[in-house]
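> Just a sequence and a predicted model for now, questions to come.
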Amino acid sequence: MRRAYIEAHVDLERSLALAVKWAGRRASLHVPSTRSVHAFPLLAQLGLSITSPSAKSKYYGPPRGMVIAWCLGVEHMINIEQSHAIDGVVVVRAHGAIEFAEGAANHAPWVTAYDVERLAGEVIRHVPEAPAPVKAAMKGTTGLAVPNQGLIDNRDRAPVVHALTHLRDHGVRLDPDEVMVEALRNGWGGDGPVEVREIVRDLNRGRRLRYDTDRILPERLQEWLNA
């Protein structure tokens, strides 16, 4: 699948012109809500078909083919990535980490995981590589975030919490965006990449998350720790 982004500092008219040039006139526009189209009349003036992930929107429906993703967060990009009906996607208004909103979700993990092409605007810096134990644990727990479900079921969530807690308690640095990159690279299903990012944020805030200790063998935890 082709991927590109236009960073948020590029003005609206130029952003849309570049997006349409990249995606083609048969592309569809995927927007957050009906209100977003009303707020920016230029979107409707493009004459493209419009879809939205919001069930409350009159445009509600899945995107297909070449997609221009307008002002959509990284969680929506993950849903697009998991669709088999997408040929390519360009994100308009993409942004990296926000200096004064530490921990806020951003597009850098998606850009990093798929080495996404920049069309215009500031460069979104790639997320640094995760420590080797984190990479090993994320690969080892791959498959728990099932398609269309992610880590909703505690039976799937608990082993992930156990593995990451074990790493943290043994001095391994956990970064939410780095962990999310590894989830994307390993093809975690559903909202798994978003959910594991939140797990890491909770652990870094000192929260004690519950988990069962009988799902992962101690030898496996040590193997990941020593990676």
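Thanks, I have the structure now. Here the structure is a predicted model, which is why all the values come from computation and not from measurement. Numbers count the residues shown, from 1 in each chain.

> Which residues outside stretch 192-201 are in contact with it?
By CB atoms under 8 Å, 6 or more residues apart in numbering, the list of residues contacting stretch 192-201 from outside reads 74-75, 78, 103, 105, 109, 138, 144-146, 150-152, 157, 160-161, 164, 174-177, 179-180, 183-184, 188, 209. All C-beta spots, glycine's among them, are computed from the backbone N, C-alpha and C.

> Tally up the residues packed near the closest residue to Val89 other than its chain neighbours, please.
In space, and not counting its chain neighbours, Val89 is closest to Val67: 4.5 Å by CB to CB, 6 or more residues apart in numbering. For Val67, the neighbour count with other CB atoms under 10 Å is 27.

> all strands of the protein, in order?
Secondary structure of the chain (DSSP state E): strands at 2-7, 28-30, 49-51, 65-70, 86-94, 117-120.

> Now tabulate those in CSV and tack on mean pLDDT and distance to Val134.
Below are those laid out as CSV (pLDDT from 0 to 100; distance: least, CB to CB, whole Å):
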stretch, mean pLDDT, distance to Val134
strand 2-7, 98, 24
strand 28-30, 97, 32
strand 49-51, 97, 35
strand 65-70, 98, 28
strand 86-94, 97, 25
strand 117-120, 98, 26
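
> Glu219: which of those is closest?
strand 2-7 (38.6 Å; CB to CB).

> What is the neighbour count of Glu99?
6.

> For it, give me its contacts.
Counted by CB under 8 Å, 6+ apart, Glu99 has zero contacts.

> can you tell me how far it sits from Glu178?
Distance of Glu99 to Glu178, computed by CB to CB, to the nearest Å: 18 Å.

> for Trp22, same thing?
Taken as CB to CB, the span from Trp22 to Glu178 is 29 Å.

> if you count what's nearby, which of the two comes out ahead?
A count of neighbours by other CB under 10 Å puts Glu178 above the other of Trp22 and Glu178, at 21 against 18.
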